[in-house]
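A.B. asks: using only what follows, build the 3D model:
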Amino acid sequence: MALLPETARRVDLLVARAQAEGHAPSLALGVVRDGALAHVAVAGVQPHPDGDLQYRIGSITKTMTAVLVMQQRDAGRLALDDPLEEHLPGTPVGALTVRQLLGHASGLQREPDGHWWERTEGADLDTLLAGLTPAKIAHPPHRVYHYSNLAYGLLGGALERITGTPWADLVRERLLEPLGMRRTTYHPTEPYAPGYVVHPWHDTLREEPRTDTGAMAPAGQLWSTVEDLARWATFLADPDPALIDPATLTEMCAPVAISDLDSWTGGHGLGVELYRVGDRVYVGHGGSMPGYVAGLTVHRPTGTAVVDFANSYGLRGGHHISGLGRDVLTHVLDAEPPLPAPWRPSAPPAAEAAELAGHWWWMGLAHEFHVDAAGDLVGGPAGRAPLRFTPEGPDRWRGHAGSQHGEILTVIRDEAGTPVALDIATFVLTRTPHQTP
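C.D. replies: Numbers count the residues shown, from 1 in each chain. Sure, this is the predicted structure:
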């Protein structure tokens, strides 16, 4: 569904302002809603951008590498707490775990040895591993958040050793082709935007090299378009179960490390960045390579997202490509909040569920439960996140939301078989405020 004209106009203005004030040769942005592009905004003429023009996406590549890792975890070929040694034996950093590497909590140094890997032709995996020393661990693991490109080179190497398939083939076969992302490629394919550095004093352009980063490719090699990255944003919001269990994607979006300890506005999950804007949390990733910046920002609860690119190494005037994406996404959600799902009457609930509905009490605090269309028991204290319990057996329910997620609710009955109490992980609720179970 297209944006309303006034919303689209505001998005176009934000993009035009970022391109003009940021001195970007070209800038392209797409708003994703309901699994499709709702609006494309472009600015600049070097070259004229559109939804099919390729830009380099840099570290957004890491989100795909992380999904590949989680696919292997779900298949039982690795565990998140495996030490790297199990999959890349013989390295001096082998005690670091897969989870720590995915979440930038390993303390591993940011870059590999040698020249600036993003701007030079890359080496193979054996050369990357040969450059490792114990000194590459810059901080004790999990002491502080420390972003590491090197970590993703090593994860890509582990994937290659586990699957016997080069990372480039793996990402194409397991993700890009199934999702129809035919314009997301390892090397640029026409039409693509050349990448530039803009001179700070006379606004001339210097074209940057388009490198093959070799063993570091899992950290930032790929090229994509507005249309293709919109498909990836849709996947991150609502993944295809044939590619990854949706519960696994949700697991990836839980924080491993907070990157902003002063205000908690940013963090990192298992391969995705987390951004808190007001009361909303967005997931995604920023990306940069010489001559390019890119952003991916997704609001999973509504399936709304923004993808954006520029073919300059950064933006001027206080503009930032990921910040632009967050601003646009916030504006769209504020201006056009999604309609609530329509209420529909339910079929009669099962007898056991029906007799548990209504008011219960714990320590003078009222809890109210109802039975939803799925037959779950839903509710709790007013004003708090609702609890959800799913039947697991006679008088036994399992928590699946809220503060009692994973806990067991046991129904206590009197001699006549009437429910008189609910035991939720030793917290006993009764039918009246001062009843003794």
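A.B. asks: next, His285: secondary structure please.
C.D. replies: Assigned by DSSP: H, G, I helix; E, B strand; the rest coil, the conformation of His285 is strand.
A.B. asks: got it, and Gly271?
C.D. replies: Quick answer, by three-state DSSP: Gly271 is coil.
A.B. asks: same check, this time on the one 10 residues further on
C.D. replies: Reducing the assignment at Val281 to three states with three-state DSSP gives strand.
A.B. asks: so what's it bridging to?
C.D. replies: Beta bridges link Val281 to Arg276 when assigned by DSSP bridges.
A.B. asks: gap between it and Ala28?
C.D. replies: Here Val281 is placed at a distance of 26 Å from Ala28 (CB to CB, to the nearest Å). (Glycine included, C-beta is placed from N, CA and C.)
A.B. asks: of the two, which one has the most company?
C.D. replies: Ala28 (28 against 16; other CB atoms under 10 Å).
A.B. asks: contacting residues for that one?
C.D. replies: Counting by CB atoms under 8 Å, 6 or more residues apart in numbering, Ala28 touches Val40, Ala41, Val42, Pro49, Asp50, Gly51, Leu53, Tyr55, Val226, Asp308, Phe309, Ala310.
A.B. asks: at 6 Å instead, please
C.D. replies: Residues near Ala28 by CB atoms under 6 Å, 6 or more residues apart in numbering: Val42, Pro49, Val226, Phe309.
A.B. asks: how many residues are close by the last one?
C.D. replies: Neighbouring residues of Phe309 were enumerated by other CB under 10 Å; the total is 32.
A.B. asks: ok, and the closest non-adjacent residue to it?
C.D. replies: Tyr55 (3.7 Å; CB to CB, 6 or more residues apart in numbering).
A.B. asks: could you look up the SS state of His331?
C.D. replies: Classified using three-state DSSP, His331 is helix.
A.B. asks: what sits closest to it if chain neighbours are left out?
C.D. replies: Closest residue in space to His331, ignoring its immediate chain neighbours: Arg10 at 5.9 Å, by CB to CB, 6+ apart.
A.B. asks: what is the neighbour count of the nearest residue to Thr120 once chain neighbours are set aside?
C.D. replies: Leaving aside its chain neighbours, Thr120 sits nearest to Thr211 (6.2 Å; criterion: CB to CB, 6+ apart). Residues near Thr211, counting by other CB under 10 Å, number 20.
A.B. asks: mind starting the numbering at 580 from now?
C.D. replies: Got it, the first residue is 580 from now on, which makes the last one we talked about Thr790.
A.B. asks: now Thr790: how far from Leu903?
C.D. replies: For Thr790, the distance to Leu903 - CB to CB - is 26 Å.
A.B. asks: shaky segments in the chain?
C.D. replies: Counting by pLDDT under 70, the chain contains low-confidence residues at 1015-1016.
A.B. asks: and if we set it to 50?
C.D. replies: Within the chain, not a single segment meets pLDDT under 50.
A.B. asks: max-length helix in it?
C.D. replies: helix 584-601 (DSSP state H).
A.B. asks: and the helices in this structure, which stretches?
C.D. replies: 584-601, 640-653, 677-681, 704-709, 728-742, 746-750, 796-799, 805-816, 825-831, 900-914, 930-935.
A.B. asks: need the winner for burial among those.
C.D. replies: helix 796-799 (a mean of 26; mean count of other CB atoms under 10 Å).
A.B. asks: how far is it from where the chain is centred?
C.D. replies: 17 Å (CA atoms, centre = their mean, to the nearest Å).
A.B. asks: one more: stretch 611-620?
C.D. replies: Distance, stretch centre to chain centre, for stretch 611-620: 18 Å (CA atoms, centre = their mean).
A.B. asks: end-to-end on that stretch?
C.D. replies: The first and final residues of stretch 611-620 sit 12 Å from each other (CA to CA, to the nearest Å).
A.B. asks: pull out the buried residues from it.
C.D. replies: Val611, Arg612, Leu616, Ala617, His618, Val619, Ala620 (16 or more other CB atoms under 10 Å).
A.B. asks: now Thr676, nearest residue through space, not along the chain?
C.D. replies: Spatial nearest neighbour of Thr676, chain neighbours left out: Asp660 (5.2 Å); criterion: CB to CB, 6+ apart.
A.B. asks: then Ala730?
C.D. replies: Nearest non-adjacent residue to Ala730, counting by CB to CB, 6+ apart: Leu680, 4.1 Å away.
A.B. asks: check the offset of stretch 584-600 from the chain's centre.
C.D. replies: 25 Å.
A.B. asks: what sits up against that stretch?
C.D. replies: The contact list for stretch 584-600, computed with CB under 6 Å, 6+ apart, reads 606, 608, 618, 620, 622-623, 896, 898, 903, 907, 910, 914-915.
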